[in-house]
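Novice: quick one, what's the 3D model for this:
(one chain, ligands or ions: 1)
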Amino acid sequence: MHRAVDPADGEAYVYGMSFLDAAPSIFACFDQPDLKAPYDVTVHAPQGWTVFGNGATEQTGPQDFRLATTKPLATYFVTVCAGPWATLRDEHDGIPLSISARASQRDLLEAQAPQMFEVTKQSFDHYHRLFGVRYDFGDYDQLFVPEFNAGAMENPGCVVHSDSMIFRGGISRAQLLGRSNTIAHEMAHMWFGDMVTMTWWDDLWLNESFAEYMSHRCLAESTEFTEAFVDFGASRKAWGYRADRAPSTHPVAGAPAPDAHSALQNFDGISYAKGASVLRQLIAHIGDDAFVVGVRDHIERHLYANAGLADFMSAMERASGRDLTAWQQAWLGTAGTDVVAVHLERDGDRVTGATGTRHAPVERPADRPHTFDVAGYSGGDRVLQADLTAERDEQQVPELVGQRVPELLIPNAADLTWAEVRLDDATLAALPEQLAGVPDGSARAVAWCALDAGVMTGRVDPRLLAGTIARSWGRESDDGIRAGVAMRIVPRLRAFLPAAEVPDAYRGIAAAGRELFDRSADGSPDQLAGARLVAGASDDVQLLGRWLTGDGLPESLRDDTELRWAVARSLARVDALDDATLQRLSDADRTMQGELEGIRIRALRPTAEAKEQAWESLAHDADLSNYQLVAHAEGLWGSGDPELLRPYVARYFADVPPLAERVTGMALGRVATAAFPWPMVEQDTLDRSREALARTDLADDVRRSIVDQSFLLECALRARTAFPGGDTP
Ligand SMILES: [Zn+2]
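Specialist: Numbers count the residues shown, from 1 in each chain. Next up, the predicted model:
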């Protein structure tokens, strides 16, 4: 049970998160998902509060509530959310709907709830059509709760979301798509997870890969977000590929989970994005009709009960009439990403021969069949295309012979398979100028992922990636791709570039944002995207100082609280934000988010005193919330030269493991990840990480953070060694 107090009005909120092994800390039970029972819950709460839970709420006295008896539920779904919520209600197809947030967020909620209700209704219709089984958990309540450590949780009938998704300031299409996707994801869980629950956590993918795949399909087919799978490629798969390269990778299905808590480590890019991609491969392999028949059969057979991998695969075999044993082992039983490429032979501008290749990682041998395509582009047109089934490491692609040689050749352009796409040298060289002109969004997302992978694995010069952002980002038309690059690639890139070239590279990136900002109409989404990139990447103190006061910004962005904080962070990073200005900003934003921004900005100042204060609080202040700990860590590592930051490398390994005594579960993982000294791209950081991993007293969550973060650091070191400063790419 988490309690949070809203600094805006002093009101308190309480919510239960029984997931994953936490239910026994709230009531007497086993944390085993195959033990299901109906629940009767009564609640005694302060006067004036409202109460939500898995069953519909009936108020039985001034401070007393009874929740309707539930369907049989696994223990990890049980929740109660209580507080003086602001709540809006609606109804669809006989299902009462509500959306709630903290009372201080009422205005934002009222403005944004209509869009959320619309997606909720569209998703219900979509899933009812697709699955053939109706939602039957009663009222469908969605609450946006404070200080939540995950994105959302699929409690039957009472979904909780992180309140960071009640947006402040301008709202981009990518943000709307992301939130709509989360809404549709949790709704898909009502069937996959809640009605049919995996028998044990080693089949976590049955929950998460399905919800991940189904939510994107639902958005693409039944909402305005028809480009959902482009966003999937640009953001979610990028996350998954990084996870599959890391030493902590594991097969999609059957990752060992000796107890519920250890299964928490597998809520990663493999169980979500890779699993969803593998489902797309399954559909490419057996056809969509068979897949849908199999899914319906699976739900009907195991309704309000449990099922495992074998149950699911036999449903797919019955539906398709095919033996899927080998396919299942190849795709679900192995870890690692194959490298795929297509090589052309040419005579003038015509293709005279073509070979497709597929290679499993040497250290993780596998024999995965791929069904995918290859497309070529010249001058903004698709000039070449073929479909491939790669069942050997090398095969001819006769369909390509006679087609025009393209300027850009992109294997897996429709993004149907899970593979590291290796682009040829001519395509890589042409990307900065031509990528934005490629007419297929999926192909552009694949190319961005290929560039990212090339940099991570030390084969592609990080300056080519920086140059592609500088020249191509401002002309990119898909807001999801833009946001994915700005939020996932730009912040990490500085660790990969030669240190001396970082400031200039980021000026080039900020200039791309500036160019988009300048040429876009006032109030347009493009202008918002451009302004955000400038605010995040620029070190132009003059410009940022003007923007902080609203000078030079259009009407629509002058009162944008989030943009103002982003500008303030960039000023603090170069020590150009004084106390009086910070005080003024904080006074103007007396909210939970404003409080966190204040913490982050104080830690961002590149002074010894600021870093020391941030670390002291992080390591020793027991009163801080998990969000506040993360804000201190992000600020500390977000600025400053190596001399200033070096002392905190040793202190990480001394002070963070003991945090496990007072921070637990997902929160501990978030804090340990944010506090990791990733900007210290030095052999010493790696050596200390390896020493730490030899210890036997590390909590699982801390160990996993060190494994993953030190792997990123190793990649950055490799890139800096392979592409040292000096010559221009
Ligand atoms: Zn989920």
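Novice: would you mind naming what in the stretch 451-600 of the chain lies close to the ion?
Specialist: Applying the criterion Cβ under 5 Å from the ion, no portion of the stretch 451-600 of the chain neighbours the ion. C-beta: built from backbone N, CA, C; applies to glycine.
Novice: run through who's touching stretch 271-291.
Specialist: Surrounding stretch 271-291, the residues in contact under the criterion Cβ atoms under 8 Å, 6 or more residues apart in numbering are 204-205, 208-210, 212-213, 216, 232, 236-237, 239-241, 243-244, 252, 255, 316, 319-322, 324, 327, 331-332, 369-372, 416-418.
Novice: ok, and of those residues, which contact the ion?
Specialist: The subset of these lying close to the ion, counting by Cβ under 5 Å from the ion, consists of residue 208.
Novice: so which of the contacts of stretch 271-291 sit within helices?
Specialist: Using DSSP state H, the members of the contacts of stretch 271-291 that fall in helices are 204-205, 208-210, 212-213, 216, 237, 239-241, 243-244, 316, 319-320, 327, 331-332.
Novice: give me the buried subset of those.
Specialist: For the ones in helices among the contacts of stretch 271-291, a neighbour count by 16 or more other Cβ atoms under 10 Å gives the buried set as 204-205, 208-210, 212-213, 216, 237, 239-241, 243-244, 316, 319-320, 327, 331-332.
Novice: excluding sequence neighbours, find me the nearest residue to the residue in the chain that the ion sits nearest to.
Specialist: Among residues of the chain, the one nearest the ion by Cβ to the ion turns out to be residue 211. It sits 4.4 Å away. Using Cβ to Cβ, 6 or more residues apart in numbering and skipping the chain neighbours, the partner closest in space to residue 211 is residue 188 (4.3 Å).
Novice: what helix or strand is the one you found on?
Specialist: helix 173-191 (DSSP states H and E).
Novice: can you tell me which helix in this protein is longest?
Specialist: The helix of greatest length in the chain, counted in residues with DSSP H as the criterion, is given as helix 106-131.
Novice: just to revisit the earlier point, what about the helix holding residue 188, distance to the chain center?
Specialist: A distance of 12 Å separates the C-alpha centroid of helix 173-191 from that of its chain, computed with Cα atoms, centre = their mean, to the nearest Å.
Novice: got the contact list for residue 395?
Specialist: Applying Cβ under 8 Å, 6+ apart, one finds that residue 395 lies in contact with 355-356, 388.
Novice: dump those residues into CSV; add neighbour count, secondary structure and pLDDT as well.
Specialist: Compiled in CSV, the contacts of residue 395 are given as follows (neighbours: other Cβ atoms under 10 Å; DSSP: H, G, I helix; E, B strand; the rest coil; pLDDT from 0 to 100):
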residue, neighbour count, secondary structure, pLDDT
355, 14, strand, 96
356, 23, strand, 96
388, 22, strand, 91
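Novice: and the residues you listed as CSV, adding distance to the ion?
Specialist: Listed next are the contacts of residue 395 as CSV, based on distance: Cβ to the ion, whole Å:
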residue, distance to the ion
355, 40
356, 34
388, 32
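Novice: closest to residue 263 among those?
Specialist: Using Cβ to Cβ, residue 388 comes nearest to residue 263 of the contacts of residue 395, at 36.2 Å.
Novice: from residue 108, how far out is the closest one?
Specialist: Here the distance between residue 388 and residue 108 works out to 48 Å (Cβ to Cβ, to the nearest Å).
Novice: cool, residue 708 as well?
Specialist: With the distance defined as Cβ to Cβ, residue 708 ends up 34 Å from residue 108.
Novice: do the same with residue 6
Specialist: When Cβ to Cβ is applied, the distance between residue 6 and residue 108 equals 13 Å.
Novice: same check on residue 585?
Specialist: Between residue 585 and residue 108 the distance, using Cβ to Cβ, works out to 19 Å.
Novice: same question for residue 664.
Specialist: In this structure, residue 664 lies at 31 Å from residue 108, with Cβ to Cβ as the measure.
Novice: what residue is smack in the middle of this structure?
Specialist: Residue closest to the mean C-alpha point of the chain, counted by Cα atoms, centre = their mean, is residue 236 at 5.8 Å.
Novice: what about the nearest residue to it once chain neighbours are set aside, how many residues nearby?
Specialist: Once its chain neighbours are removed from consideration, residue 236 has its nearest residue in residue 273; the separation is 4.3 Å (Cβ to Cβ, 6+ apart). Using other Cβ atoms under 10 Å, residue 273 has 27 other residues around it.
Novice: what about residue 273, which SS state?
Specialist: Following DSSP: H, G, I helix; E, B strand; the rest coil, we place residue 273 in the helix state.
Novice: where does it land on pLDDT?
Specialist: We have a pLDDT of 97 for residue 273.
Novice: what residues are up against the residue nearest to residue 211?
Specialist: Under the criterion of Cβ under 8 Å, 6+ apart, the contact partners of residue 188 comprise 123, 127, 210-211, 214-215, 218.
Novice: now the helix or strand of the chain at the bottom of the mean pLDDT ranking - C-alpha only, CSV.
Specialist: Within the chain, no helix or strand scores below helix 260-263, which has a mean of 85 by mean pLDDT, DSSP states H and E. Listed next in CSV are the C-alpha coordinates belonging to helix 260-263 (Å, rounded to 0.1, in the frame of the first residue of the first chain):
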residue,chain,number,x,y,z
ALA,A,260,7.9,-14.5,-7.7
HIS,A,261,10.4,-11.7,-6.7
SER,A,262,13.1,-13.0,-9.1
ALA,A,263,10.5,-12.9,-12.0
